[in-house]
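Novice: coords please:
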Amino acid sequence: MKIAIGTKNQAKVQAVEKVCATYLETYEFHVLSVPSNVSDQPIGDEETLLGAKNRALHALTESQADMSFGLEGGVKELNGQLFVCNWGILHTKNGQQFIAGGAQIPLPEEVAAAIRKGKELGPVMDEYTKQVGIRHKDGAVGVFTKGIVNRGDMFEHIVKLLIGQYFKANQTQKTT
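Specialist: Residues are numbered from 1 along each chain as shown. Model (predicted):
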C-alpha cells in the first residue's frame, strides 16, 4: 500500500509512520512538501481543517498513493480564550475521506495576545520559551503540559482516529 503525507514536519511524519508501522502489514511511505492553501497561522476549526484537507488532497494527487494524510495545527477562539486546535484528514484514491480532531488546550494570554496581533504560534512559542524550533519538538501542547503530551503524541492520536475509521469502513483490509 502506498501512503503519502503532505508535510515535512517531523512530529507529523513520525506520527503517521508510527501508526502505519503498527497497523499496516506492508506499506511504502512518501513524504511530500505540499501547500495547505490557508494562512500560515490558521485561525478557527474551519480554516485548520481546510488546511489538513488541502494537504491530504495535494499529497494524494502528487504521489498517486492509495491513501494520504493531511495534518494541520491552528488556534481557535472560544469564550474569549485562545486554544490550540488540530485536525487531520485521510483521503483514499477511491474518494473516501475520514476526519478527526485532536487535543485542545488554552494558551496563556501572553501567547494569545501575540497571535491576535498576527503572529504565528511557532515563533511566539520560541520567544515564550527562549528556545528555537519548539514546533518541531514538543510544540505548544508539550510546553503547556510539561511534556506529558507532546505535539507528536497529539498528531499520533489523530492518525489513529483516522486509520481506525478507515479500517471500520474497509473491513476486508488486513491489519497487523
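Novice: would you map the helices across the protein?
Specialist: For the chain, the helices defined by DSSP state H cover 10-23, 44-63, 109-116, 121-129, 139-144, 151-169.
Novice: quick one: the fourth one to helix 109-116, angle?
Specialist: Angular relation of helix 121-129 and helix 109-116 on a 0 to 180 degree scale: 150 degrees, by axes from the mean of the first three to the mean of the last three Cα atoms, to 10 degrees.
Novice: quick one: contacts for the nearest residue to residue 149 once chain neighbours are set aside?
Specialist: Spatial nearest neighbour of residue 149, excluding adjacent residues (Cβ to Cβ, 6 or more residues apart in numbering): residue 141 at 5.6 Å. To be clear about C-beta, it is placed using only N, CA and C from the backbone, and glycine gets the same treatment. With contact set as Cβ atoms under 8 Å, 6 or more residues apart in numbering, residue 141 has these partners: 84, 103, 105, 149-151, 153-154.
Novice: out of the residues you listed, which comes closest to residue 56?
Specialist: The closest of the contacts of residue 141 to residue 56 turns out to be residue 154 (Cβ to Cβ; 17.5 Å).
Novice: local confidence estimate at the closest residue to residue 13 other than its chain neighbours?
Specialist: In space, and not counting its chain neighbours, residue 13 is closest to residue 31: 5.5 Å by Cβ to Cβ, 6+ apart. Predicted confidence (pLDDT) for residue 31: 96.
Novice: which ones are touching residue 31?
Specialist: With Cβ under 8 Å, 6+ apart, residue 31 has these contacts: 4-5, 7-8, 13.
Novice: quick check: the farthest pair among those residues?
Specialist: 4 and 8 (12.1 Å).
Novice: mind checking how far the most centrally placed residue in the chain is from residue 56?
Specialist: The C-alpha lying nearest the average C-alpha coordinate of the chain belongs to residue 71 (Cα atoms, centre = their mean; 2.8 Å). Per Cβ to Cβ, to the nearest Å, residue 71 is found 9 Å from residue 56.
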